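Student: have a look; sequence and predicted model below, questions after that.
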Amino acid sequence: MTKKVALNVKCPMCDTSLMDDKHLITGHPSIKLNIVTVRDRGTIRLCSVYGCYDHESDIEIVDGEIANFFCPHCNKDLKSNDECDSPDCNAPMIPLNIALGGKVYICSRSGCTMHFVAFEDLDTQIRKFYHEYGF
């Protein structure tokens, strides 16, 4: 049985929690972000379980479309200079700080499943994850 890890993330700009305890997805607090597409702007809630692609939005997001993501607290654009490595994608990646340390990056293209976790101090961060999640 695969163990599911629900990440607790914060804004990389203002360091405020992006977790929405009142809006659960798959039984876990969702990650709340503001989203802007070429047609509309609204709110998106992402599943906080790593590897889960479930989400809910109050606007329509067309598959393949690149969206801009903003912090709901400081309203800063979360786009990084890093691009998605998925073949034929190259959309900007969106970094979110993990409360225990490190970052999770998600692709800004709707339907792309590219995401990854990066650590600055791998030794310390792996120890924290092991302690928190019991791997």
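Tutor: Now that the structure is in, tell me what you want to look at.
Student: next, count neighbours for the residue nearest to V5 when sequence neighbours are not counted.
Tutor: Nearest non-adjacent residue to V5, counting by C-beta to C-beta, 6 or more residues apart in numbering: Y50, 4.9 Å away. C-beta: built from backbone N, CA, C; applies to glycine. If you count neighbours by other C-beta atoms under 10 Å, Y50 ends up with 14.
Student: isn't Y50 up against V117?
Tutor: Yes. Using C-beta atoms under 8 Å, Y50 is in contact with V117, at 7.3 Å.
Student: any common contacting residues for these two?
Tutor: V104 (C-beta atoms under 8 Å, 6 or more residues apart in numbering).
Student: low-confidence stretches in the chain?
Tutor: 1-3, 121-135 (pLDDT under 70).
Student: show me which strand runs longest in it.
Tutor: Ranked by number of residues, the top strand in the chain under DSSP state E is strand 28-36.
Student: what residues sit buried inside that one?
Tutor: 28-35 (16 or more other C-beta atoms under 10 Å).
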